[in-house]
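Q: predicted model and sequence below, questions to follow.
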Amino acid sequence: CENRSANFLYKKDVLACCFHSCRLEKQEFLYIVLMEVYDMSNGYEDHMADEPKDSKTNLIVNYLPQNMSQDELRSLFSSIGEVESAKLIRDKVAGHSLGYGFVNYLNPSDAERAISTLNGLRLQSKTIKVSYARPSSDSIKDANLYISGLPKTITQKDVEDMFARYGRIINSRVLVDQASGLSRGVAFIRFDKRAEAEDAIKDLNGHKPPGAAEPITVKFAANPNQARSTQIISQIYHAQSRRFGGPVHHQAQRFRFSPMGVDHMSGISGVNVPGNSTSGWCIFIYNLSQDADEGILWQMFGPFGAVTNVKVIRDFNTNKCKGFGFVTMTNYEEAAMAIASLNGYRLGDKILQVSFKTSKTHK
């Protein structure tokens, strides 16, 4: 098996993780994780400074197959009309594709036709997304909202209908439990402008929609570009009531508590390791703050794969977190990646210890 190495650096030292693998599937998995966050959080804006500014001709193409070349990208879009430029965005360190790029047409009509023709096209195992690229500006940055406490029966259309009156919605996503098919009560909405998102927060944060057991929480979602001043995970952690100082710190020994090294992440399906059960792989999270709740665990582990259950262990008398909790994930490799990425990270003033649950783990 030919050795391949990849060094995926999540922007600004947020959720940074390195891993080695003998199989392209491992690279493909992390690529999907990164692309999901880039797409919902405007992560591509740093690259847009070098791109043409005319939004009528300039397109951004997301979810490209990782092995697709820049020439192939240009060839695909040239089938619609004359392309002035095509650029596949690559990791500046490792050189691999980040799975998205920009295409600029000479004629606005060709760009419009490319969206209607190629958006949703299935390429290999990917469904590409084609849309107008928006020039980077302060007015469109940080316009992504995180909504929690939604009814389990809510749909993506319901969420969009609730927020549509505040402005143009670029995209939306409702997190769904794979087992039941019902909403997890969490959604993301990205507006065209930050001011629109601010209006939605003012009106809907604390609002109780039909079918909800309690008022919903609406606040700005974590943005990778803000990592120098805030933490991606603590930003969704009791937003206005509590602020944590300092960036997320990538610990040099952050794999110290991990039950496995990152060099052993291939060929591991079905291996008998701690934390395995018929319902999934149980992960133990230690050193949580007293204010930690299930929502923060969903947000921490959700980007890595399917999460079936989260539980924060609370003090019976105070109902405060006792400092630890559990997350169950369906897939072992996704669980191992979450452990490798989150073990040793600072959340507020706490450094987390994340590992597979063992028979000696707290109960």
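A: Yep, it's here. Numbering: from 1, shown residues only.

Q: ok, the residue nearest to L297 when sequence neighbours are not counted to K193 distance?
A: Sequence neighbours aside, V310 is the residue nearest to L297 in space, at 4.1 Å (criterion: Cβ to Cβ, 6 or more residues apart in numbering). In this view, the C-beta of every residue, glycine as well, is placed from N, C-alpha and C. To K193, V310 is 33 Å away according to Cβ to Cβ, to the nearest Å.

Q: equivalent analysis for I147, please.
A: Remark: distance between I147 and K193 (Cβ to Cβ) = 18 Å.

Q: of the two, which one has the most company?
A: Using other Cβ atoms under 10 Å as the criterion, I147 and K193 rank with I147 on top: 26 against 19.

Q: contacting residues for the more buried one?
A: 159, 186-189, 204, 216-218 (Cβ atoms under 8 Å, 6 or more residues apart in numbering).

Q: most surrounded residue in these?
A: Of the contacts of I147, with other Cβ under 10 Å as the count, I189 tops at 30 neighbours.

Q: now for the residue nearest to Q290 when sequence neighbours are not counted: which residues touch it?
A: Nearest-residue entry for Q290: K320, 4.3 Å, with adjacent residues in sequence omitted and distances by Cβ to Cβ, 6+ apart. By Cβ under 8 Å, 6+ apart, the contact set of K320 is 290-291, 314.

Q: what about burial for those residues, which qualify?
A: Among those, none is buried by neighbour count (16 or more other Cβ atoms under 10 Å).

Q: for the stretch 251-363 of the chain, which segments count as strands?
A: Counting by DSSP state E, counting those that start in this stretch, the segments of the stretch 251-363 of the chain that form strands are 276-277, 280-286, 307-314, 321-329, 346-347, 350-351, 353-356.

Q: for the stretch 201-350 of the chain, which spans come out with low pLDDT?
A: 222-279 (pLDDT under 70).

Q: could you measure from V310 over to C321?
A: According to Cβ to Cβ, V310 and C321 sit 12 Å apart.

Q: so which of the two has more stuff around it?
A: Set side by side, V310 and C321 show more neighbours around V310, with 23 against 19, by other Cβ under 10 Å.

Q: OK, contacts around that one?
A: Counting by Cβ under 8 Å, 6+ apart, V310 has contacts 294, 297-298, 301, 325-328.

Q: so which of those is the most crowded?
A: V327 (29 neighbours).

Q: which residues does S355 form beta bridges with?
A: F284 (DSSP bridges).

Q: pretty sure it is touching F284, no?
A: Yes - S355 lies in contact with F284 (Cβ atoms under 8 Å); the separation is 5.5 Å.

Q: neighbour count winner among the two?
A: Higher neighbour count among S355 and F284: F284, with 21 against 18, using other Cβ under 10 Å.
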